[in-house]
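Peer 1: Mind looking at a prediction? Sequence and model below.
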Amino acid sequence: MKKRIKRSLGDRIFDIVNTIFMIGMMIIMLYPFWYVAMASFSNSSHLMAHTGILLKPLDFTLDAYRMVAKNPNLISGYLNTILIVGVGTFSSTLVTALGAFVMSRKPFPFKRILMFMMIFTMYFSGGMIPTYILNNNWLHLGNNRLVLILPALVTTYNLIILRTGFEAIPDSLEESAKLDGAKDITILFKIIIPVAMPSIAVIILYYAVGYWNSWFEASIYMTDRSKYPLQVILREILIMNSTAEMGAGEGGNAVAIAESIKYATVMVATVPILCIYPFLQKYFVKGTMIGAVKG
């Protein structure tokens, strides 16, 4: 029978204070999202008259969501974003895995020099080179969805995490596979990637969130509204007061209706990407730690 370690009074006090602090931080971080959710289900007139903390919907209604669903730009934005996130995440993960596999091999020459150059590019270039090329339309990618994927195809930070995760895999697995006649491409997809799935899951999450939240590139390179991603449409609704048009003809206070539409739009644009986290949560901590501890 294991002997329990007696904890000191100081340890117990620390645990209590730490627990209270973490609960407080959790409430501070979650309440804004809760407020937006409750406001989106509230009657617009009651919401405008309300002040202070909002813990439940005021006269529950789905009117704001109905008006959001009528916006054709929002539907096309959703479809464009889903396409960009799907294609971009798959392409970025594949290219990053190929690069990380090559750089994690011990015979790879000039590894340290290349890593230094990539880190320098990440911190100091700020994407100026691809932006210059795209602005000059050398690749003829204007109003092409690829313009939102190609500049962000590989992120140096993600490449470093995945390379470190690949390096943590025992060399004996690769050596055994080569003795059986396996080629490098077979080793990567049949051995390295399945074993390094926690790191792969982290990279997928990072890329998916990055593509989902991206709006600046689209606002620069895209002029065809039918190809706008969701975040550009959301920006127009929140900042450029396009909610007034959406609420026209609904009756009541136009300002109050516009406010409800803003909250509903934020929920519509945020909830889908949050649904990814539960599926990748079990890999997240392990995958991040592998990339952070081993150098």
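Peer 2: Received the coordinates, thanks.
Peer 1: Look at the nearest residue to Asp184 once chain neighbours are set aside and tell me its secondary structure.
Peer 2: What sits nearest to Asp184 in space, not counting adjacent residues and going by Cβ to Cβ, 6 or more residues apart in numbering, is Phe101, at 7.7 Å. For the C-beta atoms, the positions are set from N, CA and C on the backbone; glycine is no exception. For Phe101, the assignment made with DSSP: H, G, I helix; E, B strand; the rest coil gives helix.
Peer 1: what's the burial count for Phe101?
Peer 2: 21 (other Cβ atoms under 10 Å).
Peer 1: Pull the contacting residues for it.
Peer 2: Phe166, Asp184, Leu188, Ile192 (Cβ atoms under 8 Å, 6 or more residues apart in numbering).
Peer 1: how about low-confidence regions in the stretch 51-200 of the chain?
Peer 2: For the stretch 51-200 of the chain, applying pLDDT under 70 flags the ranges 106-142.
Peer 1: How far off centre is stretch 220-227?
Peer 2: 22 Å (Cα atoms, centre = their mean, to the nearest Å).
Peer 1: If you could redo that for stretch 17-25, that was the one I meant.
Peer 2: Chain-centre distance of stretch 17-25: 27 Å, with Cα atoms, centre = their mean.
Peer 1: Which positions in that stretch come out as buried?
Peer 2: Residues of stretch 17-25 classed as buried: none (neighbour count, 16 or more other Cβ atoms under 10 Å).
Peer 1: Now do the buried residues in the one helix or strand Pro198 maps to.
Peer 2: Element membership for Pro198, per DSSP states H and E: helix 197-213. Within helix 197-213, the residues that count as buried by 16+ other Cβ under 10 Å are 198-213.
Peer 1: just stretch 70-77 next, same as before
Peer 2: Within stretch 70-77, the residues that count as buried by 16+ other Cβ under 10 Å are Asn71, Asn73, Leu74, Ser76, Gly77.
Peer 1: now those residues as TSV including secondary structure and distance to Thr155?
Peer 2: Shown next, in TSV, are those (DSSP: H, G, I helix; E, B strand; the rest coil; distance: Cβ to Cβ, whole Å):
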residue	secondary structure	distance to Thr155
Asn71	coil	32
Asn73	helix	29
Leu74	helix	28
Ser76	helix	27
Gly77	helix	24
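Peer 1: Mind putting those into TSV with distance to Met26?
Peer 2: Below are the buried residues of stretch 70-77 laid out as TSV (distance: Cβ to Cβ, whole Å):
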residue	distance to Met26
Asn71	34
Asn73	35
Leu74	31
Ser76	36
Gly77	31
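Peer 1: What is the distance between the helix holding Pro198 and the centre of its chain?
Peer 2: On Cα atoms, centre = their mean, the centre of helix 197-213 falls 7 Å from that of its chain.
Peer 1: Could I get the average pLDDT for the next helix or strand after it?
Peer 2: Next in sequence after helix 197-213, counting helices and strands by DSSP H and E, comes helix 216-221. Per-residue pLDDT values over helix 216-221 give a mean of 82.
Peer 1: Quick one: list the elements packing against helix 216-221.
Peer 2: Under the contact criterion of 3 or more Cβ pairs under 8 Å, 6 or more residues apart in numbering; DSSP states H and E, helix 216-221 touches helix 128-135, helix 230-239.
Peer 1: Now do the last one and helix 197-213, the angle between them.
Peer 2: Comparing the axes of helix 230-239 and helix 197-213 via axes from the mean of the first three to the mean of the last three Cα atoms, to 10 degrees yields an angle of 50 degrees.
Peer 1: Send me helix 230-239 as PDB with only the CA atoms.
Peer 2: Written as PDB, here are the backbone C-alpha positions of helix 230-239 (Å, rounded to 0.1, in the frame of the first residue of the first chain):
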ATOM      1  CA  LEU A 230     -16.300  34.800 -44.000                       C
ATOM      2  CA  GLN A 231     -14.000  37.000 -42.000                       C
ATOM      3  CA  VAL A 232     -14.100  39.800 -44.600                       C
ATOM      4  CA  ILE A 233     -17.900  39.700 -44.600                       C
ATOM      5  CA  LEU A 234     -17.900  39.700 -40.800                       C
ATOM      6  CA  ARG A 235     -15.600  42.800 -40.800                       C
ATOM      7  CA  GLU A 236     -18.000  44.600 -43.100                       C
ATOM      8  CA  ILE A 237     -20.900  43.800 -40.800                       C
ATOM      9  CA  LEU A 238     -19.100  44.800 -37.600                       C
ATOM     10  CA  ILE A 239     -17.100  47.900 -38.800                       C
END
